[in-house]
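Peer 1: Coordinates for the following, if possible.
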Amino acid sequence: MSFIYKKGDIPLIVLSLHGGQKVLDCKKRTNLSNGKQYVVKNDSYTKKITLKTYEHLLKFGLNPYLLVNDVQRKFVDLNRFISDACNHKCDSCMMQYILFHEKLESIVLELINKYGKCFIFDIHGNQHTHNMLQFGFNLTTKQIKNNQLTDFSFYTHRNADNKTKEKFLYKELSLSSIFKDLFTNIYPTYNKLDNSYIINNNFRYYSGKQFIVKKYSKICDVVLVELSPDLRTDKQTPLRLAIGLYDFYNKIYTKHF
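Peer 2: Here you go, the predicted model:
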């Protein structure tokens with residue numbers, strides 16, 4: 001099994017999929033299949049950031065579950081459906097995919113059974129932003145602006161009215177409300193529908209439309225955490241992520257979920 005797992009004692013999972021270093025004994029994935037182009041490069045430094053964030057949380061007295069993939073993305077992409085995740089002739093890739101997702105699913109079901117809820121903090125990186133932390137909730141910018149919030153990835157509030165969802169999406173009970181004092185540029189922007197920083201700089205918003213958010217928002221609360229390249233080389237990023245996650249969990253998640 002090529003992943004790192006630590007058992008916790010709260011309904012929080014700190015997750016990392018795309019920062020592994022190990023290679024498999026087969027050909028790497030192609031980045032083009034049936035006319036679709038797939039990312040095969042790692043989200044650099046995300047494994048290290050996730051482990052450091054976890055270590056800081058432990059020092060703060062918070063003991064989440066930890067699950068970190070340790071295989072390079074060019075061999076397996078654990079945030080895609082299996083049909084696009086592997087070289088289909090590679091048994092070791094298929095095995096890594098199956099074992100990793102069986103482990104994640106077992107943790108999620110364990111937490112739901114024990115606590116009645118589960119929160120996945122899924123850490124990624126991208127090449128299309130600068131000095132920016134993004135949170136993806138399975139909603140595009142257009143959906144957020146048009147108040148089309150049906151697919152909101154916080155399962156606990158999936159059936160709430162839109163005013164309630166807005167509180168957790170970008171208003172007073174949101175991750176943005178906690179992290180706004182820790183990072184310069186955040187989207188969704190706290191307390192206003194403003195994506196001007198993204199538009200003016202020709203950036204992309206990562207809304208979380210891939211496998212993990214889509215699957216687990218049907219049974220638990222999950223967010224895609226996207227870090228720009230410069231934030232991933234900033235030594236303070238893991239500490240800032242830990243401070244924000246600690247505050248969100250204690251001030252909001254334990255009381256409103």
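
Peer 1: helices and strands of the protein: which one has the lowest mean pLDDT?
Peer 2: Ranked by mean pLDDT, DSSP states H and E, the weakest helix or strand in the chain is strand 32-33, scoring a mean of 54.

Peer 1: So which residues of this structure form helices?
Peer 2: With helices called from DSSP state H, the chain shows them at 46-59, 82-85, 91-115, 141-145, 162-169, 175-179, 196-200, 211-216, 229-232, 237-248, 254-256.

Peer 1: For D122, find the nearest of those helices.
Peer 2: Nearest to D122 among the helices of the chain is helix 211-216 (5.4 Å), distances taken as C-beta to C-beta. Quick note: C-beta positions are derived from backbone N, CA and C, even for glycine.

Peer 1: So which other helices or strands are in contact with the closest one?
Peer 2: Judged by 3 or more C-beta pairs under 8 Å, 6 or more residues apart in numbering; DSSP states H and E, the packing partners of helix 211-216 are strand 119-125, strand 221-227.

Peer 1: out of the ones you listed, nearest to D84?
Peer 2: That would be strand 119-125 among the helices and strands packed on helix 211-216, by C-beta to C-beta, at 16.6 Å.

Peer 1: Quick one: residues in contact with the closest one.
Peer 2: If you take C-beta atoms under 8 Å, 6 or more residues apart in numbering as the criterion, strand 119-125 is touched by 11-19, 43-46, 49-50, 53, 64, 79, 108, 206, 212-213, 216, 220-229, 232, 241, 245, 249, 253, 257.

Peer 1: Got a ChimeraX select line for the buried ones in those residues?
Peer 2: Burial among the contacts of strand 119-125 is assessed by 16 or more other C-beta atoms under 10 Å; the matching ChimeraX selection reads:
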select :11,12,13,14,15,16,17,18,19,43,45,46,49,50,53,64,79,108,206,212,213,216,220,221,222,223,224,225,226,227,228,229,232,241,245,249,253,257
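
Peer 1: could I get the helices of the chain as a markdown table with mean pLDDT and distance to L133?
Peer 2: Shown next, in a markdown table, are the helices of the chain (pLDDT from 0 to 100; distance: least, C-beta to C-beta, whole Å):
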| stretch | mean pLDDT | distance to L133 |
| --- | --- | --- |
| helix 46-59 | 98 | 12 |
| helix 82-85 | 82 | 26 |
| helix 91-115 | 95 | 23 |
| helix 141-145 | 95 | 16 |
| helix 162-169 | 98 | 15 |
| helix 175-179 | 98 | 6 |
| helix 196-200 | 92 | 11 |
| helix 211-216 | 96 | 16 |
| helix 229-232 | 97 | 7 |
| helix 237-248 | 98 | 8 |
| helix 254-256 | 98 | 22 |
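
Peer 1: Which one, of these, ends up nearest to V39?
Peer 2: Distance to V39, taken as C-beta to C-beta, is lowest for helix 82-85 among these, at 10.7 Å.

Peer 1: mind listing what's buried in the closest one?
Peer 2: Residues of helix 82-85 classed as buried: I82, A85 (neighbour count, 16+ other C-beta under 10 Å).
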